[in-house]
Each structure stands twice: as C-alpha cells, then as structure tokens.
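Asks: sequence first, predicted coordinates after that:
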Amino acid sequence: VTPKSLLNNPISLVSQEMSTLAKNIVALMGSGHPTLNRVTGYYFEAEGKKVRPMLVLLLSRALAEIPLTERNKIKVDYSDVPEDPVYSKPPQSLLFQHPARNISPLHILHGIKPLNPLTKGPEPLPEEFDKERGILPKQRRLAEIVEMIHTASLLHDDVIDYSDSRRGRASGNVAFTNKMAVLAGDFLLGRATVSISRLRNPEVVELVSNSIANLVEGEFMQLKNTAIDDDVTTISNGTQKIPPPSQKLMNTVHEYRVPVETSQLPQSIVATAFEYYLHKTYLKTAALISKSCRAAAILSGAQESVVDECYNFGKNLGICFQLVDDMLDFTVSAKELGKPAGADLQLGIATAPVLYAWKEDSSLGPLIQRNFSQPGDVERAAEAVATHDGVMKTRELAHEYRDRALANLRNALPDSDARSALEFLTNSILTRRK
Ligand code: FPP
Ligand code: MG
Ligand code: MG
C-alpha cells in the first residue's frame, strides 16, 4: 500500500538520499583553500531544484524493481567506489612533503583542520547493500557527480551570459569575480572527474565524460557576438583591449556538422534553424541528463533495450526541461525566477518562441541574423512572439517531449512507487515556474 505522504509528494521517496547527497557533495569539494571552498560551495548553499540527482536516484530505485532474472546479474555493481590510497588518512608526518594533498603547510602550522574530504572518504561504506532502498552505492556517486558537473556549468554559464543573479541572490561571477567563478567551475569539474574515474566502469566513465564535452559543444553553438567589455586583459604596461572577434570568425561559429555520435540527426548538414536549436538544446541540457540516466541503467545491469529507453527518457525529459526554460524566460519575472528574465533576446539568442514567430513573420530573419543588436530589435521580437503565440507553441512542443518521456518510462520500468514518482517529476517540469 502506498503511504499517503508518498501520494502527496512522491519525491519524498528519496528525500533521505537527497540530504546525504548534499552532505557528500560538500565533502567532495573541500580544498585546502578557504576562499576556493567558498566559491565552489556558493551555489550549493542556495537551494537549487536538484532535478538531475533526483532523477538518477529515482530512476535507480525504479530500475531495482526489475527482477534480477531479467538483468545481467554479473553487471549489477553492488560495490562502492574504492577508497583512494593517496587521499585516505595521510599520516600527519607526510603532509609537509605532499602539497598535492591540497593541505598547505600554513594550515598545519596554524592547526587549521584541512577541509579535504578525500582524507576521510565521502561517506562511510555501506555495511551491506541497502536492499530496502534498492539504490546501488555507485548510483549514489553518479547522482553527486551529475550535480557537480551541472553546478560547474552554471558557474561558467553566468560568466558567459553576464548574469548577475542565480537562485535569488548574486551570481558567482558577481559575488566573487569572473576569474574566481571560472576557476571554481574548473575545480568542481576536476573533483567530479576524480569521482567519475572512481566508478571503475569504463562505459559509464566514457558516457559521463562525454556529457561534459557535450555541454561545451552546446554552449559553443549558441555563442553570440555580444558586447566584449569583459575581454580586457591587463598586462604589465597597462590595459590592452582585445579587438572584437572578426565577423568572419563569428560567422563560422554557427556552421555545424552533426557528429556521428548523435546519428539520430541527419549527418553532414549545416543544420536549419530549428534543427540547430533542438540539437543545441540536446547538447547543452539533455546530454547530461540522458547520459546519466543511461549510466544509472548500466550500473543496474539492465538489458540493452531498457538502457536505451532510460537514455531516451533522459533525452526527451531534458529537451522538455530546456523548452520550458526558454519559455519561462519570456513569461516569468526575474524576481520569481531568481535569475535574469528576458535574458535570451538581450543576449542575442533566438530560442523556440522566436523561431516559431519567425515561421509566421519572415521579417524577423534579419533581426535574428544580427542577434537583436539594433535598437528596438528586442522589443520587436518580443512583440512578434506574443502576436504569433510563440510561447504557446513552445509549450505544445514541450508537451510532446513530456509524452515521449512518459512512454519511455512505461516501456523501461515495471510499475512501482519509484516509477510513479518519476512520472510526477516529469509532469511537474511543465508546470514549474522557475
Ligand atoms: C544554462 O543555460 C547552461 C547550461 C545548461 C550549460 C552551460 C555550459 C557551459 C557554460 C559549458 C561549460 C561546461 C562545464 C561543464 C564547465 P541558460 O543560460 O539557458 O540557463 P540559465 O537561464 O539558467 O542561465
Ligand atoms: Mg545563463
Ligand atoms: Mg547560457
């Protein structure tokens, strides 16, 4: 019998796991540098939605409901990540000779306890596989990794987007400078990479690593020739402005050939606007989600067809998620979003609502081409979106992807509370306001 609390809030199924997750991530991020710790920890302090790790954990639980007779038992990985021989409990006497452990002699001199978590391991190894919850230890590690990669990308994204707020307060770049935000993102990625390698599963390592590359590809696809007032470099003899990127270079940015890896899309095309947009959306948002869903399924020893359905579930849900994100940019205030609203047009980026309006009003073409850079362009594009129901059409498209994601869930997983929770989460993406 499903408890009432679960029906009201199916996500509570993993609330215990989610609080352990937050603690483990904080532990994984510790460095010997207090300020670096502040910057890397900054986005974890404010409550984010944590959609990605929640998905990995719920999917892992739902996959555990598949009878072992229908899985490749040899591939069900009950082990946890190995303790790292270098980082585990270093003898105090060695600390001075090993600055690589991120513990500076100053810390020891002043008796400051190093924050490096790797000295004690992220979490005590479970005595026994937790049969009750069904989530495998490595699937928990995967959930942590995914949230770390996502947070790293947000730190970088806010620099790229000149964003001044996130999660209802100053963004990392504003609170700590661009340079620190970029370095903190890199550091997080570094630590995430350590965690990935410790999964000791080549297929999963490849998948998750590839998703990092995909994030960058997606972000590169939407690079715009925007104001470059931050591209200033200080050299010893003064301040030198780097000249704006040449138009010739910027024109090449949007040429794109679909790599073989994503062969679902026609190969060797210079993609048309909507295809280009959807593929960019897959890369920048859905790749991390879909590949982590696939990884969770692989760790559970699921059959290939189930692994594929899990991947497609993540892909469809990820695209739905970004379509809604692009829609909210037009409809919700900055106050409610906790980050800048109406940002995409300002940044010169044409998302689905504008592309739909363009279908009806070809005169928008030149505005899109020049990244809404002339006075009045942003306003005209916003009006066209309103006139031609760009937001409503985007919502309909998001619905289609939602339905596909729900079908994937039903194809892949037996009926269970965890699957219902996943369905609830999938549906709630369409009604979210931030
Ligand atoms: C948010 O999009 C940003 C992303 C989904 C990906 C950003 C990726 C990079 C900056 C590449 C570097 C990646 C790593 C792993 C360091 P958005 O700007 O549309 O959303 P927002 O409104 O939340 O800012
Ligand atoms: Mg952004
Ligand atoms: Mg961005």
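Replies: Everything's here; your move. Ligands and ions are numbered 1, 2, ... in the order given.
Asks: need the contact list for the residue nearest to Val378 when sequence neighbours are not counted.
Replies: In this structure, Val378 finds its nearest non-sequential neighbour in Leu345, 4.6 Å apart by C-beta to C-beta, 6 or more residues apart in numbering. Where C-beta positions appear, they are placed from N, C-alpha and C, glycine not excepted. Counting by C-beta atoms under 8 Å, 6 or more residues apart in numbering, Leu345 makes contact with 354, 372, 378, 381-382.
Asks: show only the entries of those found in helices.
Replies: Members of those lying in helices (criterion: DSSP state H): 354, 378, 381-382.
Asks: tell me the most packed of those, by neighbour count.
Replies: Comparing those by number of neighbours (other C-beta atoms under 10 Å), Val354 comes first, having 27 neighbours.
Asks: verify the stated contact: that one with Ala381.
Replies: Yes. Val354 lies in contact with Ala381 (C-beta atoms under 8 Å); the separation is 5.6 Å.
Asks: what's the overlap in contacts for those two?
Replies: Common contacts of Val354 and Ala381 (C-beta under 8 Å, 6+ apart): 345, 364, 368.
Asks: how close does the last one sit to ligand 2?
Replies: When you say that, I think you mean Ile368. 19 Å (C-beta to the ion, to the nearest Å).
Asks: number of residues surrounding the nearest residue to that residue once chain neighbours are set aside?
Replies: The shortest distance from Ile368 to any non-neighbouring residue, by C-beta to C-beta, 6+ apart, is to Ala350 (4.6 Å). Neighbours of Ala350 under the rule other C-beta under 10 Å: 24.
Asks: wait, Ala350 sits on Trp358?
Replies: Yes. Applying C-beta under 8 Å as the test, Ala350 and Trp358 come out as touching, 7.5 Å apart.
Asks: shared neighbours, the two?
Replies: Common contact partners of Ala350 and Trp358 (C-beta under 8 Å, 6+ apart): 273, 368.
Asks: so which bits of stretch 341-350 are buried?
Replies: Of the residues in stretch 341-350, 341-342, 344-345, 347-350 count as buried by neighbour count, 16 or more other C-beta atoms under 10 Å.
Asks: quick check: Pro34 vs Leu155, distance?
Replies: From Pro34 across to Leu155, the span is 18 Å (C-beta to C-beta, to the nearest Å).
Asks: so who does the nearest residue to Ser333 once chain neighbours are set aside touch?
Replies: Excluding the flanking residues, the one nearest Ser333 by C-beta to C-beta, 6+ apart is Ala341, at 5.6 Å. Counting by C-beta under 8 Å, 6+ apart, Ala341 touches 328-329, 332-334.
Asks: can you check Leu397 too?
Replies: 323, 352.
Asks: same question for Leu57.
Replies: Contacts of Leu57 (C-beta under 8 Å, 6+ apart): 14, 17-18, 21, 135, 139-140, 143.
Asks: before we move on, what about Asn201?
Replies: 77, 138, 298-299.
Asks: and the two most separated of these?
Replies: Spatially, the most separated pair among the contacts of Asn201 is Lys138 and Ile298, at 9.9 Å (C-beta to C-beta).
Asks: overlap in contacts, these two.
Replies: 201, 204.
Asks: report pLDDT for the most centrally placed residue in the chain.
Replies: Residue closest to the mean C-alpha point of the chain, counted by C-alpha atoms, centre = their mean, is His150 at 3.2 Å. His150 is assigned a pLDDT of 96 by the prediction.
Asks: still on that earlier bit, taking the buried residues of stretch 341-350 one by one, which sit in helices?
Replies: 344-345.
Asks: what would the buried residues of stretch 341-350 look like in CSV with distance to ligand 1 and pLDDT?
Replies: As requested, the buried residues of stretch 341-350 are exported to CSV (distance: C-beta to the nearest ligand atom, whole Å; pLDDT from 0 to 100):
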residue, distance to ligand 1, pLDDT
Ala341, 9, 83
Gly342, 11, 87
Asp344, 7, 92
Leu345, 12, 92
Leu347, 8, 87
Gly348, 13, 88
Ile349, 8, 90
Ala350, 12, 92
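Asks: helices or strands next to the longest helix belonging to the chain in the packing?
Replies: Assignment by DSSP H gives helix 304-331 as the longest helix of the chain. Contacts defined by 3 or more C-beta pairs under 8 Å, 6 or more residues apart in numbering; DSSP states H and E place helix 304-331 against helix 51-63, helix 273-281, helix 287-299, helix 343-346, helix 352-360, helix 390-412, helix 417-431.
Asks: closest one to Asp161 among these?
Replies: Short answer: helix 343-346, nearest of the helices and strands packed on helix 304-331 by C-beta to C-beta, at 6.5 Å.
Asks: closest to Leu183 out of the contacts of Leu345?
Replies: Nearest to Leu183 among the contacts of Leu345 is Phe372, at 31.5 Å by C-beta to C-beta.
Asks: residues contacting that closest one?
Replies: Per C-beta under 8 Å, 6+ apart, neighbours of Phe372: 345-346, 348, 350, 378, 381.
Asks: distance of it relative to ligand 1?
Replies: 16 Å (C-beta to the nearest ligand atom, to the nearest Å).
Asks: picking up where we left off before, widest-spaced pair of the ones in helices among the contacts of Leu345?
Replies: Val354 and Val378, at 10.4 Å, using C-beta to C-beta across those.
Asks: can you add secondary structure and pLDDT and give the contacts of Leu57 back as JSON lines?
Replies: Putting the contacts of Leu57 into JSON lines (DSSP: H, G, I helix; E, B strand; the rest coil; pLDDT from 0 to 100) gives the following:
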{"residue": "Val14", "secondary structure": "helix", "pLDDT": "86"}
{"residue": "Glu17", "secondary structure": "helix", "pLDDT": "84"}
{"residue": "Met18", "secondary structure": "helix", "pLDDT": "86"}
{"residue": "Leu21", "secondary structure": "helix", "pLDDT": "85"}
{"residue": "Ile135", "secondary structure": "coil", "pLDDT": "91"}
{"residue": "Gln139", "secondary structure": "helix", "pLDDT": "95"}
{"residue": "Arg140", "secondary structure": "helix", "pLDDT": "92"}
{"residue": "Ala143", "secondary structure": "helix", "pLDDT": "96"}
